[in-house]
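Q: here is a sequence with its predicted model. Questions after.
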Amino acid sequence: MKLKHDPFPFIFAAGDEPTKLWCLEFFGLRDSPQAKECLLRLIEQQRSDGTFVSRLDPDNWGMRETVRNALLLLKVGLPAEGVNVHGAVRFILNQQNPDGGWSENHSLRIPPFVQTFLSNERSVTWLSADAVDLLRQVGMEESVECQIAVEWLRAMQNPHGGWPSFAKDVGDQPDAAGDPDATAQIAFLMREICGECDPVYLKGRELFERHLDQTAHDVERGYRIRSLDGQREEVEVYELTHLLLSWLGDPPRRIQSGYDVSDPRVKRMMEALVDIQRGDGGWRPFFAEGSSPIYTVLAVKLLVLTGLLPREDLESDVKTYSS
């Protein structure tokens with residue numbers, strides 16, 4: 001199977017530095033001139049306190065951006081003890097909440113829609129999972145900060161086996177089973193930390209399986225039903241990607257656990273992902289007016305990692321933009 005359109009002109013014309021750098025790194029081009037230029041610009045954007053500016057509010061730092069850009073810096077080869085990564089990690093540790101998790105910058109202006117999955121008042125599960133990944137990658141997996149974060153994440157699992165995006169009042173929760181994306185991300189992180197027999201992981205994976213069944217069913221019928229109001233929506237890139245990769249730097253734990261095109265559900269989801277590629281080469285998530293460079297790179301990564309598209313079919317195209 002092949003893509004209908006070349007995605008790379010759109011990615012490199014519209015993407016920001018982290019998005020382009022994640023793309024180049026994925027295709028083994030982190031030492032290319034374009035990657036080095038992106039890295040230099042990204043480092044120049046880092047603030048003196050170690051943080052990075054929020055995508056939501058250019059006047060303030062973002063915890064999400066600081067954690068994820070630190071993971072990106074590690075991925076492209078910067079040392080954990082270097083000033084850039086160490087500065088970010090030091091800041092992140094100082095912002096840990098008493099419960100063990102992390103929330104967004106309290107000064108951040110968070111749009112209403114984003115408030116459904118991101119909070120600057122309560123610890124956020126998926127953001128805290130990203131922070132745990134970062135601490136483990138810099139050799140702090142045995143630190144008190146990492147341990148209490150893991151314990152908080154485990155305690156946040158609900159009786160259904162899922163995780164909410166953050167702790168909410170009972171009346172505010174539209175789906176008692178939790179957030180599918182956070183559940184997928186955290187369950188397989190628990191497997192890596194606590195092992196195959198971990199009851200928290202096993203219960204989370206059982207719910208993940210049900211979410212995967214539902215997504216495959218949505219693909220077959222050609223629409224999904226919104227939980228909030230029962231309205232039908234077309235199947236789109238967010239639904240087709242986030243169960244398997246939550247963001248551009250998410251380790252492919254679910255895919256490596258057998259959720260690739262050898263699983264008929266995943267194969268059909270990936271075929272549907274190819275089908276909905278737009279004419280500009282990109283993919284549009286439901287909340288955006290046009291194609292998103294971030295979701296375009298996410299889609300390309302997922303199509304390759306799950307085995308639907310051969311990596312070599314795309315490598316020659318992306319190399320055009322690496323010099």
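A: Happy to help now that I have it.

Q: give me the phi and psi for residue 80.
A: Note on residue 80: backbone dihedrals following degrees, to the nearest 10 are phi -60, psi -30.

Q: find the centremost residue of the chain, please.
A: Geometric centre of the chain, nearest residue: residue 247, 1.8 Å, by Cα atoms, centre = their mean.

Q: assess the claim that that one and residue 297 are in contact.
A: No - the criterion here is Cβ atoms under 8 Å, and residue 247 misses it with residue 297 at 10.2 Å. For glycine as for every other residue, the C-beta is placed from the backbone atoms N, C-alpha and C.

Q: hmm, back to that, grab the nearest non-local neighbour of the residue nearest to the centre of the chain.
A: For residue 247, ignoring the flanking residues on the chain, the nearest one in space by Cβ to Cβ, 6 or more residues apart in numbering is residue 68 at 6.8 Å.

Q: continuing past the helix or strand where that neighbour lies, what's the next helix or strand?
A: Assigned by DSSP states H and E, residue 68 falls within helix 63-75. Later in the chain than helix 63-75, the nearest helix or strand by DSSP H and E is helix 83-94.

Q: now do that following helix, average pLDDT.
A: Averaged over helix 83-94, pLDDT sits at 98.

Q: residues of it that come out buried?
A: Neighbour-count burial for helix 83-94 flags 84, 85, 86, 87, 88, 89, 91, 92 (criterion: 16 or more other Cβ atoms under 10 Å).

Q: run the angle between that helix and helix 63-75 for me.
A: 140 degrees (axes from the mean of the first three to the mean of the last three Cα atoms, to 10 degrees).

Q: what's in contact with helix 83-94?
A: By Cβ atoms under 8 Å, 6 or more residues apart in numbering, the surrounding residues in contact with helix 83-94 are 43, 46, 49-52, 63, 66-67, 69-70, 73-74, 78-80, 102, 131, 134-135, 138, 140, 145.

Q: switch the cut-off to 10 Å
A: Residues outside helix 83-94 that contact it (Cβ atoms under 10 Å, 6 or more residues apart in numbering) are 39, 42-43, 46-52, 61, 63, 65-74, 78-81, 102, 130-131, 134-135, 137-138, 140, 143, 145-146.

Q: just the buried residues of these.
A: In the contacts of helix 83-94, the ones that pass as buried (16+ other Cβ under 10 Å) are 39, 42, 46, 50-52, 61, 63, 65-74, 78, 102, 130-131, 134-135, 137-138, 140, 145-146.

Q: shaky segments in the stretch 51-200 of the chain?
A: Regions of the stretch 51-200 of the chain meeting the criterion pLDDT under 70 cover residues 169-175.

Q: the same query, at a cut-off of 90, please.
A: 167-177 (pLDDT under 90).

Q: which stretches of it form strands?
A: Under the criterion DSSP state E, counting those that start in this stretch, the stretch 51-200 of the chain contains strands at 52-53, 61-62.

Q: before we move on, what about the stretch 201-323 of the chain?
A: Taking DSSP E, counting those that start in this stretch as the test, the strands found in the stretch 201-323 of the chain are 223-225, 232-234.

Q: just send those back as TSV, with distance to residue 323 too.
A: Formatted as TSV, the strands of the stretch 201-323 of the chain follow (distance: least, Cβ to Cβ, whole Å):
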stretch	distance to residue 323
strand 223-225	41
strand 232-234	38
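
Q: tell me which of those lies nearest to residue 320.
A: strand 232-234 (31.8 Å; Cβ to Cβ).

Q: tell me what that closest one is packed against?
A: Helices and strands touching strand 232-234, by 3 or more Cβ pairs under 10 Å, 6 or more residues apart in numbering; DSSP states H and E, are helix 199-221, strand 223-225.

Q: mind doing that once more with 7 Å?
A: Contacts defined by 3 or more Cβ pairs under 7 Å, 6 or more residues apart in numbering; DSSP states H and E place strand 232-234 against strand 223-225.

Q: what's the spacing between the strand it packs on and its chain's center?
A: The chain centroid and the centroid of strand 223-225 are separated by 22 Å, computed with Cα atoms, centre = their mean, to the nearest Å.

Q: avg pLDDT for that strand?
A: For strand 223-225, mean pLDDT is 90.

Q: direction included, what does it pair up with?
A: Within its sheet, strand 223-225 is paired with strand 232-234 (antiparallel), according to DSSP bridges.

Q: and the residue nearest to the centre of the chain, how far from residue 151?
A: Relative to residue 151, residue 247 is positioned 23 Å away (Cβ to Cβ, to the nearest Å).

Q: could you do residue 193 as well?
A: Taking Cβ to Cβ, one finds residue 193 at 11 Å from residue 151.

Q: these two: which has the busier surroundings?
A: Neighbours per residue (other Cβ atoms under 10 Å) separate residue 193 from residue 151, with residue 193 holding more: 17 against 12.

Q: quick check: chain neighbours aside, which residue is closest to that one?
A: residue 150 is the one closest to residue 193 (Cβ to Cβ, 6+ apart), at 6.2 Å.
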